[in-house]
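S.K.: sequence unknown, structure follows:
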């Protein structure tokens, strides 16, 4: 249940890890000729599935605050092996004309729970400007955030030394920054039509979590670390046949099957194994791109767990509890569970996995017209990105040109997205489909929507299939 699931693998297109120059396979004004064929299947997920869960249905949609270079997409003439975004790189050139996508997403159906999404055509910086950050709350933004000096994060449970850490305490500890692209596990492009821009890249700063846990003196038997936010709300538990009473604060009502439904007020919590929690990249975070976290982003303190979907990056962190068994709260065992109907020996076999690590993914961001030629620009993330390919309509897969930090593994790099460009040349007038797929440094490839691993899902979480956009060339 807590293991990482498989990802498709295939030969990376014309590249080796030891040859970074071979990664940049085409400039924006060249028409590459190499590629393979693949089919595309678009699947839709009912809006009812989101609305049924209310705000919690997209709890992985974390707000991203960014203050970075004003322009980060390459213009097409820079070295494709740049290790860092160059402020002089721009999303195109003066005079470029952005061609809007025809398939614009419909309005988000639960605006009280989520803020503005990334508008892909407006993406023009490697780090997203603060005013364009999206956000999601489970139970609303909590009150009492106006006195950060009084905030405490408790470390308790199976520890020798209970800790109560203030914001000042955390700032007095060693500081670390990490660039990490945070994506909602409900962000699709291949599922929910209104959830396409819940992603962004930020520079997070705080103190490493592992030394705090070690300082608390972990006791024998500790296996799970639970992170509690201060936000809480009503939950109704209907599928537990063992419920006998409402305890001191809950309430029970008879259900149609002769059992009891339990209504409680539950504090938001996510957990991970002790080994995962001790990852040196995890931060008790208090800054985003050099500024204090905004309230909607978890001010004053949140967990940042690089490489995990947004729901695991707990906002408004107030308690860390060390336990000797798995935590099975709402956001671990009932919601944010990917459900699949697979086959074993010719028989249906249902599997249930808690949403955890992010997945290899890419998306076309925009098409621009430059004089009489066209260029596709996009992003790839979720793993150390080694290559991206683009397909126009039902044509062959052709290589794109990568920019940004080259990452060979997740521990050293590969936590932030990479941008790419594709020289389309002079396409025929009319409506076209633009699809991208990413390859990581281990040879995994972003799957097609009809891949059995994706097609067997009956939930919209963790959808990382090819994203296809439609554009009109006139």
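M.R.: All right, it came through fine. Predicted model only: the values in this text are computed from it and were never measured. Numbers count the residues shown, from 1 in each chain.
S.K.: so residue 265 sits against residue 231, correct?
M.R.: No. Assessed by Cβ atoms under 8 Å, residue 265 is found out of contact with residue 231, at 11.0 Å. For glycine as for every other residue, the C-beta is placed from the backbone atoms N, C-alpha and C.
S.K.: between the two, who's got more neighbours?
M.R.: In terms of neighbours (other Cβ atoms under 10 Å), residue 231 is the more surrounded of residue 265 and residue 231; the figures are 18 against 11.
S.K.: tell me the strands beside the helix or strand harbouring residue 387, with direction?
M.R.: Per DSSP states H and E: residue 387 is located in strand 385-392. Neighbouring strands of strand 385-392 in its sheet, by DSSP bridges, are strand 397-399 (antiparallel), strand 430-440 (antiparallel).
S.K.: for the helix or strand that the last one is followed by, buried residues please.
M.R.: It stands for strand 430-440. From strand 430-440 onward toward the C-terminus, using DSSP H and E, the following helix or strand is helix 452-455. Under the neighbour-count criterion of 16 or more other Cβ atoms under 10 Å, helix 452-455 has 453, 454 buried.
S.K.: and if you look at stretch 367-374?
M.R.: 367, 368, 369, 370, 374.
S.K.: for this protein, what helix or strand is lowest in average pLDDT?
M.R.: Sorting the helices and strands of the chain by mean pLDDT, DSSP states H and E puts helix 47-53 at the bottom, at a mean of 37.
S.K.: which SSE is immediately downstream of it?
M.R.: Toward the C-terminus, helix 47-53 is succeeded by strand 97-99 as the next helix or strand (DSSP H and E).
S.K.: give me the buried positions along that following strand.
M.R.: Buried-residue list, strand 97-99, by 16+ other Cβ under 10 Å: 98, 99.
S.K.: okay, and the beta partners of the most centrally placed residue in the chain?
M.R.: With distances taken as Cα atoms, centre = their mean, residue 183 lies nearest the centre of the chain, 1.6 Å away. Beta-bridge pairing of residue 183, defined through DSSP bridges, involves residue 199.
S.K.: the protein: helices as residue ranges?
M.R.: Under the criterion DSSP state H, the chain contains helices at 47-53, 167-172, 209-216, 274-277, 452-455.
S.K.: beta partners for residue 155?
M.R.: Here residue 155, judged by DSSP bridges, has bridge partners residue 163, residue 320.
S.K.: tell me the contacts of it?
M.R.: Listed by Cβ atoms under 8 Å, 6 or more residues apart in numbering, the contact partners of residue 155 are 162, 163, 164, 165, 212, 213, 216, 320, 322.
S.K.: report pLDDT for the third one.
M.R.: Going back to what we said before, that points to residue 164. As predicted, residue 164 sits at a pLDDT of 98.
S.K.: all strands of the stretch 251-400 of the chain, in order?
M.R.: Per DSSP state E, counting those that start in this stretch, the stretch 251-400 of the chain carries strands over the ranges 251-254, 260-273, 283-288, 291-292, 302-304, 317-323, 337-344, 347-354, 361-370, 373-381, 385-392, 397-399.
S.K.: chain center to the longest one, what's the gap?
M.R.: Here the centre of strand 260-273 is set off from its chain's centre by 23 Å, with Cα atoms, centre = their mean, to the nearest Å.
S.K.: could you number the chain from 15 rather than 1 from now on?
M.R.: Got it, the first residue is 15 from now on, which makes the last one we talked about strand 274-287.
S.K.: what's the mean pLDDT across the strand holding residue 401?
M.R.: 97.
S.K.: what does stretch 135-154 give?
M.R.: pLDDT averaged over stretch 135-154 gives 83.
S.K.: equivalent analysis for stretch 332-340, please.
M.R.: Here the average pLDDT along stretch 332-340 is 98.
S.K.: contacting residues around that stretch?
M.R.: 165-173, 226-227, 230, 232-233, 235-244, 285, 288, 346.
S.K.: residue 135: which of the strands of the stretch 265-414 of the chain is closest?
M.R.: Closest approach to residue 135 among the strands of the stretch 265-414 of the chain (Cβ to Cβ): strand 375-384, 4.6 Å.
S.K.: elements contacting that closest one?
M.R.: Contacts defined by 3 or more Cβ pairs under 8 Å, 6 or more residues apart in numbering; DSSP states H and E place strand 375-384 against strand 111-113, strand 387-395, strand 399-406, strand 444-454, strand 481-487.
S.K.: so what strands line up beside the first one?
M.R.: As defined by DSSP bridges, the strand partners of strand 111-113 come to strand 375-384 (antiparallel).
S.K.: distance from the chain centre to the partner strand, please.
M.R.: 19 Å.
S.K.: which residues does it contact?
M.R.: Outside strand 375-384, the residues that reach it (Cβ under 8 Å, 6+ apart) are 87, 105-107, 109-113, 115, 134-135, 137, 197, 203, 388-396, 399, 402, 404, 434, 438, 448-452, 460, 478, 481, 483, 485.
S.K.: could you identify the buried members of those residues?
M.R.: Buried residues within the contacts of strand 375-384, counting neighbours by 16+ other Cβ under 10 Å: 87, 105-106, 110, 112-113, 115, 134-135, 137, 197, 203, 388-396, 399, 402, 404, 434, 438, 448-452, 460, 478, 481, 483, 485.
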